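In: Fold the following, please.
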Amino acid sequence: MAVVQISWRDNSDNETAFKIYQGSTSPLSSGSTQIGTVTLSGGSWSATEFSSGSAPDIQVTSTNTGDSQTEGETFVITYTEGTSGSYYYGISASNAIGDSDVVTTASALTVQ
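Out: Below is the predicted model:
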């Protein structure tokens, strides 16, 4: 088991959520395994885990604002990965119209 820290810069000015993906090959797409989502509600960003498990293991540990209109925010989440392997991680912005392309990490992270 390993704690993975994922960070990204918000380049969108109209997102309502970010979707977090994981996969063993690159590039990731919206068809890849979605492991969580980060959503804005009541001025706060929060994370929801999608993988199976008894307790959520994704949490937002840092944002700059509680605003979906602000570009340039930096988000940091932690994710507990319980299965060994090499993984790529990716993020897409989401709103009522749809999802952006998934931006994938440049290299795989090996979890032991």
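
In: Go ahead and confirm Gly90 touches Ala106.
Out: No: in this structure, Gly90 is not within contact of Ala106 by C-beta atoms under 8 Å, at 10.9 Å. Any C-beta I mention is one placed from the backbone N, CA and C, and that applies to glycine too.

In: The two: which has the busier surroundings?
Out: Counted by other C-beta atoms under 10 Å, Gly90 and Ala106 do not tie: Gly90 has more neighbours, with 24 against 6.

In: Geometric centre of this protein: which residue is closest?
Out: In the chain, the residue lying closest to the centroid (C-alpha atoms, centre = their mean) is Ile20, at 3.0 Å.

In: Give the pairing partners of the helix or strand that residue falls within; include direction for each.
Out: For Ile20, the host element (DSSP states H and E) is strand 17-23. Its sheet considered, strand 17-23 pairs with strand 33-41 (antiparallel), strand 85-95 (antiparallel) by DSSP bridges.

In: hey, which helix or strand in this protein has the poorest pLDDT?
Out: Using mean pLDDT, DSSP states H and E, strand 58-62 stands out as the lowest-scoring helix or strand of the chain, at a mean of 81.

In: Tell me which helix or strand comes right after that strand.
Out: Past strand 58-62, the next helix or strand by DSSP H and E is strand 74-81.

In: what's that next one packed up against?
Out: Counting contacts by 3 or more C-beta pairs under 8 Å, 6 or more residues apart in numbering; DSSP states H and E, strand 74-81 is packed against strand 2-9, strand 17-23, strand 33-41, strand 58-62.

In: burial count for Val103?
Out: Taking other C-beta under 10 Å as the neighbour definition, Val103 ends up with a count of 16.

In: quick one: contacts for Glu81?
Out: Contacts of Glu81 were listed using C-beta atoms under 8 Å, 6 or more residues apart in numbering, and they are 1-4, 87, 111.

In: Now which of those would you call buried?
Out: Among those, those classed as buried by 16 or more other C-beta atoms under 10 Å are 4, 87.

In: Export the contacts of Glu81 as CSV, with columns for distance to Ser30 and pLDDT.
Out: Converted to CSV, those look like this (distance: C-beta to C-beta, whole Å; pLDDT from 0 to 100):
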residue, distance to Ser30, pLDDT
Met1, 27, 74
Ala2, 25, 84
Val3, 26, 87
Val4, 20, 89
Tyr87, 17, 94
Val111, 23, 88
